[in-house]
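In: here is my input; please provide its structure:
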Amino acid sequence: MTFWKCSFCNFMYDDWYGDSRNGVPAGISLPEIAGSLCSRCGMQGARHKKQASPFYTGMEAEYYDQFAGKAGIAFYRNWLLEQEMSPVVLELGVGTGRIATEVAEKAGAVCGVDWSPDMLKVAKTKRDRIFRGKTERLELLESDVMDFDSGKSFSHIICSDGLFQHFTHIEDQIALLQRIRSNLQEGGSVAIDLMLPPAGEEWKTARRKRLPNGKVVYQQVAGETSLRRQLFHFSVTYEAFIDGVEQTRYRIEREYSLLTPKELGLLLSMEGFKVTHTYENYGLSKPWRTALLTEVQPMLAPLHPDETLDEVLGVRKDNLLRPYQEDVWVNGGYPFDTEGVQANANHASRFTLIAKVC
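Out: Below you'll find the model as predicted:
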């Protein structure tokens, strides 16, 4: 969120909503305002500091994996398996380790960086359970992605789940790309996910997860998109019920940069990268050519299971049951479910750009 906080009197200002008490309409950024908003000290000098995005914590961290699901896991695992050498991987914004713990089984080594203690707590629990005595295969660091130092260089860097869009100012996006390049080996690759919100100025999505012991968790996402500001803003609300009785409620607001694949491609080119592939929804749908850079052709990941239904289930051909197959059923996504293979112009979408250091 674009919050500003006065270091003297702790006055808070939100660009998106303005300040009705002081007569400031929504959509006015603090640097545009001349006058006295703070109740005690006014706006003189550089007292107002832009606040960082809020941590993923509480119910958002607890239920992140429930709603993000399998999205992207098979895609990134297959991408790394294609490499001739055993890759050394860095995931920025590793979160709960949803992707990192999976690719660490195939990669030479994986390092994950995140600044949310609650998310890293989940990631460490997974790592300790999966790798037990070999936890060195997945190193987890608590740090801001803009200033961490692992002391290593990497062959592959992953920025999944819209991490890049948490940075809403172009100078921060350029600084992040420069940091990525400084941590890549010669000829290394970076993969960056971009989230495009549902079509329309305002939008809502809702999902539900039924958990053990009669617990049901509802997730509601309500947001709006501003083309003028090139931002989209939303609130995520969680409500947990046990046997129909509400137990807890949690709400957080977030703001993301509204970027198209071509815009990100141009930023990458400016910082010494060459985009080699563009995928939509991790290869489950084909991107429109208008979304692609000239030299990048749309790619489709083949998803043809080896087994037939008869072989897997031992049932008649007219049975409508479909087998669960990890590499095929990859639905999910946070905060938007990308609807699996059901491409729709009004749904949220996710693009992944893969680029190499020139």
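In: where are the low-confidence patches of the chain?
Out: Applying pLDDT under 70 to the chain picks out residues 1, 36, 39-40, 42-45, 295, 297-328, 339-345.
In: centre-most residue in the chain?
Out: With distances taken as C-alpha atoms, centre = their mean, the residue of the chain nearest its centroid is residue 161 (1.7 Å).
In: and the gap between it and residue 46?
Out: Applying C-beta to C-beta, to the nearest Å, the value for residue 161 to residue 46 is 33 Å. (C-beta placed from N, C-alpha, C; glycine too.)
In: what does residue 10 give?
Out: Distance, residue 10 to residue 46, using C-beta to C-beta: 16 Å.
In: who has more neighbours out of the two?
Out: For residue 10 versus residue 46, neighbours defined as other C-beta atoms under 10 Å are more numerous around residue 10 (10 against 7).
In: tell me the secondary structure at that one.
Out: Secondary structure state of residue 10, per DSSP: H, G, I helix; E, B strand; the rest coil, is coil.
In: can you tell me how far it sits from residue 38?
Out: 9 Å.
In: so which residues of this protein form helices?
Out: Taking DSSP state H as the criterion, the chain contains helices spanning 58-62, 64-68, 73-81, 100-103, 117-131, 170-182, 261-270, 309-313.
In: can you lay out these as JSON lines showing distance to residue 213?
Out: Formatted as JSON lines, the helices of the chain follow (distance: least, C-beta to C-beta, whole Å):
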{"stretch": "helix 58-62", "distance to residue 213": "15"}
{"stretch": "helix 64-68", "distance to residue 213": "14"}
{"stretch": "helix 73-81", "distance to residue 213": "26"}
{"stretch": "helix 100-103", "distance to residue 213": "25"}
{"stretch": "helix 117-131", "distance to residue 213": "19"}
{"stretch": "helix 170-182", "distance to residue 213": "41"}
{"stretch": "helix 261-270", "distance to residue 213": "43"}
{"stretch": "helix 309-313", "distance to residue 213": "30"}
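In: residue 216: which of those is closest?
Out: Across the helices of the chain, the minimum distance to residue 216, taken as C-beta to C-beta, is reached by helix 64-68, at 11.1 Å.
In: so residue 236 bridges to which residues?
Out: Residues found in beta-bridge contact with residue 236 (criterion: DSSP bridges) are residue 221, residue 252.
In: could you give the number of residues near it?
Out: Residue 236 is flanked by 22 other residues according to other C-beta under 10 Å.
In: tell me if I'm right that it and residue 218 touch.
Out: No - at 11.1 Å, residue 236 and residue 218 do not qualify as touching, with contact defined as C-beta atoms under 8 Å.
In: OK, contacts around the nearest residue to residue 17 once chain neighbours are set aside?
Out: Nearest in space to residue 17, with sequence neighbours left out and distances taken as C-beta to C-beta, 6 or more residues apart in numbering, is residue 26 at 5.2 Å. By C-beta atoms under 8 Å, 6 or more residues apart in numbering, the contact set of residue 26 is 16-18.
In: how far away is residue 26 from residue 348?
Out: Plainly put, residue 26 is 24 Å away from residue 348 if you go by C-beta to C-beta.
In: just residue 115 next, same as before
Out: With distances taken as C-beta to C-beta, residue 115 is found 25 Å from residue 348.
In: more neighbours, these two?
Out: Regarding residue 115 and residue 348, a neighbour count based on other C-beta under 10 Å identifies residue 348 as having more, with 21 against 18.
In: and the protein, what are its domains?
Out: Following the assignment in automatic domain parsing, the chain carries domains at 1-51, 58-197+259-301+324-357.
In: tell me how far the ends of the last one are from each other?
Out: If I follow you right, that is domain 58-197+259-301+324-357. Across domain 58-197+259-301+324-357, the straight-line distance between its terminal residues is 38 Å, by C-alpha to C-alpha, to the nearest Å.
In: measure how far it is from the centre of its chain, please.
Out: What separates the centre of domain 58-197+259-301+324-357 from the centre of its chain is 8 Å, taken as C-alpha atoms, centre = their mean, to the nearest Å.
In: cool, and stretch 348-358?
Out: Using C-alpha atoms, centre = their mean, we find the averaged C-alpha position of stretch 348-358 to lie 13 Å away from the chain's own average C-alpha position.
In: list the buried residues in it.
Out: Taking 16 or more other C-beta atoms under 10 Å as the neighbour-count basis, stretch 348-358 is seen to contain the buried residues 348-357.
In: which one of these sits closest to residue 107?
Out: With C-beta to C-beta as the yardstick, the closest approach to residue 107 among the buried residues of stretch 348-358 comes from residue 354, at 16.0 Å.
In: quick one: the closest one from residue 293, how far?
Out: Distance, residue 354 to residue 293, using C-beta to C-beta: 12 Å.
In: anything in contact with each of the two?
Out: Taking C-beta under 8 Å, 6+ apart as the contact rule, the neighbours common to residue 354 and residue 293 are 275, 278.
In: and residue 226, bridged to which residues?
Out: Here residue 226 shows beta-bridge partners residue 231, assigned using DSSP bridges.
In: hang on, it packs against residue 233?
Out: Yes - using C-beta under 8 Å, residue 226 is in contact with residue 233, at 7.5 Å.
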